[in-house]
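1. Predicted model follows, preceded by the sequence.
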Amino acid sequence: MAWISLLAAGILEIVWAFSMKLSHGFTKPIPTVVTLITMVASFALLAFSMRSLPLGTAYTIWTGIGAIGAFLVGITVLGEQVNTMRVLAAVLIVSGLVLMKFSSGE
């Protein structure tokens, strides 16, 4: 259950990062509210997963899901640039997440 909660927390992190971008510095009410609600939910699920997962593992996986998800949303939805260095960086992040998962023993 901790891993499912952590995955959900990571997905919500992607949502709040995207809605924060859409809020234009918290000047647009609806994206601002979405940001705040999904932030709280993401943190709550992260905290729940940390009941049984090690801090380093849970936090690294959570931020990694958010980083890769935001990277993909940026490219696919916001039209951000794709280049070799950015893709290599994303591959390295995913590799680190996989290694963290395998090293956790969970």
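-> On my side now, so go ahead.
2. Which pLDDT value goes with the residue lying farthest from the centre of the chain?
-> In the chain, counting by C-alpha atoms, centre = their mean, residue 27 sits farthest out from the average C-alpha position, at 23.0 Å. pLDDT, residue 27: 98.
3. does the nearest residue in space to residue 12 that is not next to it in sequence count as helix, strand or coil?
-> If the residues on either side of it in the chain are set aside, residue 12 comes closest to residue 42, at 3.7 Å by C-beta to C-beta, 6 or more residues apart in numbering. (C-beta placed from N, C-alpha, C; glycine too.) Put simply, residue 42 is helix when judged by DSSP: H, G, I helix; E, B strand; the rest coil.
4. For residue 102, see how far away residue 42 is.
-> Distance of residue 42 to residue 102, given as C-beta to C-beta, to the nearest Å: 24 Å.
5. these two touch, right, residue 5 and residue 45?
-> Yes. If you go by C-beta atoms under 8 Å, residue 5 and residue 45 touch, sitting 4.7 Å apart.
6. Now do the residue nearest to residue 12, the pLDDT please.
-> If you check residue 42, the pLDDT there is 98.
7. any idea how far it is from residue 97?
-> According to C-beta to C-beta, residue 42 and residue 97 sit 17 Å apart.
8. quick one on the thing from earlier: same drill for residue 42 and residue 102, tell me which one is more crowded.
-> Remark: of residue 42 and residue 102, residue 42 carries more neighbours, 22 against 9, as counted by other C-beta atoms under 10 Å.
9. Torsion angles phi and psi at the residue nearest to the spatial centre of the chain?
-> Nearest to the geometric centre of the chain sits residue 66, at 1.6 Å (C-alpha atoms, centre = their mean). Main-chain dihedrals, residue 66, degrees, to the nearest 10: phi -60, psi -40.
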